[in-house]
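A.B. asks: need coordinates for the following:
(2 chains)
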Amino acid sequence: MRRRGLGFVACALLPALLLHVVFVLSPYAQAFYLSLTDWNGVAGQARFVGLDNFRQLGSDPLFLAAVRNNLVLLLTLPLGTIALGLFLATALKFGSRGGRSGVRGARFYSIVFFFPQLLSVAIVAVLWGFAYNPNSGLINGGLRALGLDGLARSWLAEPGLALFAVLAVLIWSGVGFYLVLFSAAMDAIPREFYEAALLDGAGQWTTFRRITLPLLWDNVQVAFVYLGMAALDGFALVQIMTVGPGGPDGATEVIGLSLYRNAFTFSRFGYAAAMGVALFFGTLVFAVLALRAGRRERVELA
Amino acid sequence: MRRIPLHLALLGWTLVTGFPLLWAAISALKTDREILTSPWSLPESPQWTNFARAWTEADIGRYFLNSVLVVGGALGLTMLLGALAAYALARYPFRGNRFVYYLFVASMFFPTFLALVPLFFTVQQLGLLGTHLGLILVYTAFATPFTIFFLHAFFRGLPSAVAEAAFLDGCSHAGVFFRIMLPMARPGLISVAIFNFLGLWNQYLLPLVLNPDPDNYVLAQGLAALSTSQGYRGDWSGLFAGLTIAMLPVLAAYVVFQRQIQAGATAGALR
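C.D. replies: Predicted structure coming up:
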């Protein structure tokens, strides 16, 4: 490039930088300070309380329930979504007779599977709120139509079921995207690899484990990190779908909901900021662990 | 026929993804009585008026237009500012270049919840709480880091020979950007625009916190409020109609442009 042009650089950078500093960087930075105060929204009334908020978090039963639920999602959502996505992507690619060219109707399938990805999370939540409705919902209606009345439940109102009802919706809305992601990556794997494996007499499972999975590992790792972050959120579905929200009895409480309620219902802004900081460190630890574990695995396979 | 289980799995998942959407669309044509008593039946006579009622009385039309306005404005601004910043960072060496780049990119890894409380007060102090302009600016601010991250690599990969030639012909820096580099970067711009559109259209948390005025609700807020509030007189068919209005245009556009949308969304995620 040319030597000069610094005037242009300044004009090109400053608007984005200004927005970034005002609406992103400065709020992130302020959150750390706010988490150390007892601020309740009245200007000039914030008192510095050190780590008091964090001590309170440790004995707040609703927040602990939220942490537990987010951890359950963290353990189940990425595994469930990735397993289903990989399985369906494999089925799409290798379900045909020759085993190589993609199953008949693959395009149709991949179009329909992607549908949930396009819907706003609020639409998904409202839709499934209806579907789970105990009397007139899709699921119980279906069970009754099949004569399985005994299996009908009030899905979102039973403490043992509600979180898994939310989890199912999270998986439902995510699978299509990861399926497309994995399919695209599978298309890049040279066909000769599979032909060689076939000649060596490798079965489907061995081929998948020894060829497909190692070569997809980067994508699986990316998927794992994204899905982990989604599992640490879950706010919109819980807030729209569940009773309370967050109920019954804290069974679907998530950290984001606790934070939202404390800030914008109870005006406990300092305390809510502390939850944000806790969530930040949780996310950080998860991301570092996931990336490290992934790297080790990759070296072994190489 | 060892493939049969695989086909069954594919058909099964087709039902799982497609059927709830179809069910919502069919329910939108029923009467409230039919919805409550027989969730799996077809409507006896299609109630097209449900849609008109949802659009006007339930304000779905207004929410839809608000969404189009906010997402359209934010998307345009994000693409313009993001492309400019990415281009400046990718092709002009200057002191602090790396620092500014990482300043943008680092925030992609922070959860939005961390910023939520201070962000609310920042927007309030600027007098932008509950305004579309406020939402547009905040959406833009949160969408630019990824846009810059994605386009930075893209602009780096473009050949500089064409740009050099244009400079020799007396083209200005801005001229080179808008007339030469931007058109060359079109595939990247489309990918990141699709990714941003899906992300912004799906926003729920930011409008919930920053946009409390019901007149200014975006579609996601409006639907959520309708479904949770008891104030809507138990108009189930109207709610299903609203849901269908919110779903159908997006799905229709997707069926037409599905290749670009799938490619754009995954390219966006993979970078």
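
A.B. asks: chain neighbours aside, what residue packs nearest to A:Asn40?
C.D. replies: The spatially closest residue to A:Asn40, leaving aside those adjacent along the chain, is A:Ser267, at 5.0 Å (Cβ to Cβ, 6 or more residues apart in numbering or on different chains). For the C-beta atoms, the positions are set from N, CA and C on the backbone; glycine is no exception.

A.B. asks: wait, that neighbour touches A:Asp38, no?
C.D. replies: No. Distance between A:Ser267 and A:Asp38: 11.2 Å, which falls outside the contact criterion (Cβ atoms under 8 Å).

A.B. asks: low-confidence ranges, chain A, go.
C.D. replies: Applying pLDDT under 70 to chain A flags residues A:1-4, A:95-102, A:295-302.

A.B. asks: just want the most central residue of it.
C.D. replies: The residue lying closest to the centre of chain A (Cα atoms, centre = their mean) is A:Ala230, at 2.1 Å.

A.B. asks: so that one makes contact with A:Gly174?
C.D. replies: Yes. Using Cβ under 8 Å, A:Ala230 is in contact with A:Gly174, at 6.9 Å.

A.B. asks: flag every buried residue along the host helix or strand of the residue nearest to the centre of chain A.
C.D. replies: Counting by DSSP states H and E, the element that carries A:Ala230 is helix A:217-231. Neighbour counts over helix A:217-231 (16 or more other Cβ atoms under 10 Å in any protein chain shown) mark A:217, A:219-231 as buried.

A.B. asks: now that helix, how far from the centre of its chain.
C.D. replies: Relative to its parent chain, helix A:217-231 has a centroid offset of 8 Å by Cα atoms, centre = their mean, to the nearest Å.

A.B. asks: what does whatever helix or strand comes next after it contact?
C.D. replies: Proceeding N to C from helix A:217-231, the next assigned helix or strand is helix A:235-241, under DSSP H and E. Residues outside helix A:235-241 that contact it (Cβ atoms under 8 Å, 6 or more residues apart in numbering or on different chains) are A:121-122, A:124-126, A:128-129, A:132, A:156, A:165-166, A:169-170, A:245-246, A:252-254, A:256-257, A:260, B:113, B:204-205, B:208, B:224, B:227-228.

A.B. asks: hmm, try it at 6 Å
C.D. replies: Contact with helix A:235-241 is made by A:121, A:125, A:129, A:166, A:169, A:245, A:252, A:254, A:256-257, B:204, B:224, as judged by Cβ atoms under 6 Å, 6 or more residues apart in numbering or on different chains.

A.B. asks: out of the residues you listed, which two are the most distant from each other?
C.D. replies: A:Gly129 and A:Gly256 (18.0 Å; Cβ to Cβ).

A.B. asks: how many residues are close by B:Gly222?
C.D. replies: Neighbour count of B:Gly222, defined by other Cβ atoms under 10 Å in any protein chain shown: 24.

A.B. asks: same question for B:Trp13.
C.D. replies: Look at B:Trp13: counted by other Cβ under 10 Å, it has 21 neighbours.

A.B. asks: one more: the one 5 residues further on?
C.D. replies: When counting by other Cβ under 10 Å, one arrives at 15 neighbours for B:Gly18.
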